[in-house]
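[1] structure for this input, please:
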Amino acid sequence: MTGTTLSRYASALDEAVTSKRATAQLGALTLDDAYRVQALGSELRTARGDRLVGVKLGFTSKAKARQMGVSDVIFGRLHARGEYPDGGTIALADFIHPRVEPEVAFRLGARFDARASADPEAELRAAVDAVAPGLEIIDSRYANFRFSLTDVVADNTSAAGFVTGAWQPADLTATGVRFDDRPVTLEIDGAVAATGNTSDILGDPVLALPAIARMAAAQGVVLPAGSVLLAGAATAAVALPGGVTVRATVAGLGSVRITTTGTPAEER
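    Below you'll find the model as predicted:
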């Protein structure tokens, strides 16, 4: 597919992000083309001063991967304007049809450039300095939240916002460090909306790191110190209503919360 067409697709998705109006699915793309559209969209955001602050994985649940007919995770970029403080407020008017998922997040204490490393996986593990519970807000830019695999990759894996709780020091180079088998609860106004387990994230969220190292190398993404790595969702996504408090709790890691106001653009 021509570069002109891919740039047009990136611009259409970027317009959906900024206007809060859903767009049509893109149609036939190769996976490589879809990642190129994603990269072009990230460049548009960066040009507006919305710097790269991390990356995320999608389809880390075996059930979700089977549902989508894929055998590998997908990779997206996190930008600064999507970062919200723990305990803060999110205006739903900034989204089209948002959903929320509980996550496990890692933080980089050092810059990471997979292409410059002889052992990217080991270097990434060494660069991680902390772990925290997280919430990811996903918001497909496609009408009716419907998309193909290549559509969602082009749309930056529906990345729209994220929140991290209190960071705890973590040394992932130590022998036997694991974060599996930890119950996860997602609550809305104190009522349980979803439950899961960190083992639902690739068997152990730590196993997200080899995938992130591999995909960062493939996409040429360089991560600055302080970057956030979202390992994947521990439950199914839940529609995000207005006027509520959402809390995710990960056993042993603590909790993280946000409050929402208003209504999404699709409902106005």
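
[2] only C-alpha atoms from now on, for both contacts and neighbour counts.
    Noted.

[3] pull the contacting residues for the closest residue to residue 247 other than its chain neighbours.
    Spatially, and ignoring its direct neighbours in sequence, residue 247 is nearest to residue 257 (4.2 Å; C-alpha to C-alpha, 6 or more residues apart in numbering). When contacts are counted by C-alpha atoms under 8 Å, 6 or more residues apart in numbering, residue 257 touches 86, 87, 88, 135, 163, 165, 245, 246, 247, 248.

[4] filter those down to the buried ones.
    86, 87, 135, 163, 165, 245, 246, 247, 248 (16 or more other C-alpha atoms under 10 Å).

[5] show me which pair in those residues is furthest apart.
    Within those, 165 and 245 form the most distant pair, 14.5 Å apart (C-alpha to C-alpha).

[6] so how far does stretch 194-201 reach from one end to the other?
    15 Å (C-alpha to C-alpha, to the nearest Å).

[7] what helix or strand is residue 231 on?
    strand 228-233 (DSSP states H and E).

[8] mind listing the strands that strand pairs with, and their directions?
    Strand 228-233 pairs in its sheet with strand 52-58 (parallel), strand 99-108 (antiparallel), by DSSP bridges.

[9] by contact count, what packs against the next helix-or-strand element following that strand?
    Per DSSP H and E, strand 228-233 leads on to strand 238-239 as the next helix or strand towards the C-terminus. Identification of packing neighbours for strand 238-239 by 3 or more C-alpha pairs under 8 Å, 6 or more residues apart in numbering; DSSP states H and E yields strand 99-108.

[10] any idea of the mean pLDDT for the strand it packs on?
    Averaging pLDDT along strand 99-108 gives 97.

[11] quick check: residue 30 touching residue 148?
    No: between residue 30 and residue 148 there is no contact under C-alpha atoms under 8 Å: 11.3 Å.

[12] ok, residue 243 touching residue 264?
    No: Residue 243 lies out of contact with residue 264 (C-alpha under 8 Å); the separation is 11.5 Å.

[13] comparing the two, which residue is more hemmed in?
    residue 264 (19 against 16; other C-alpha atoms under 10 Å).

[14] list the contacts of the more buried one.
    92, 93, 94, 95, 96, 97, 98, 242.

[15] rewinding a little: can you redo the buried ones among the contacts of residue 257 as TSV with distance to residue 234, pLDDT and secondary structure?
    TSV is the format used below for the buried ones among the contacts of residue 257 (distance: C-alpha to C-alpha, whole Å; pLDDT from 0 to 100; DSSP: H, G, I helix; E, B strand; the rest coil):
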residue	distance to residue 234	pLDDT	secondary structure
86	19	98	coil
87	20	98	coil
135	10	98	strand
163	15	98	strand
165	15	98	coil
245	19	98	strand
246	15	98	strand
247	14	98	strand
248	10	98	strand
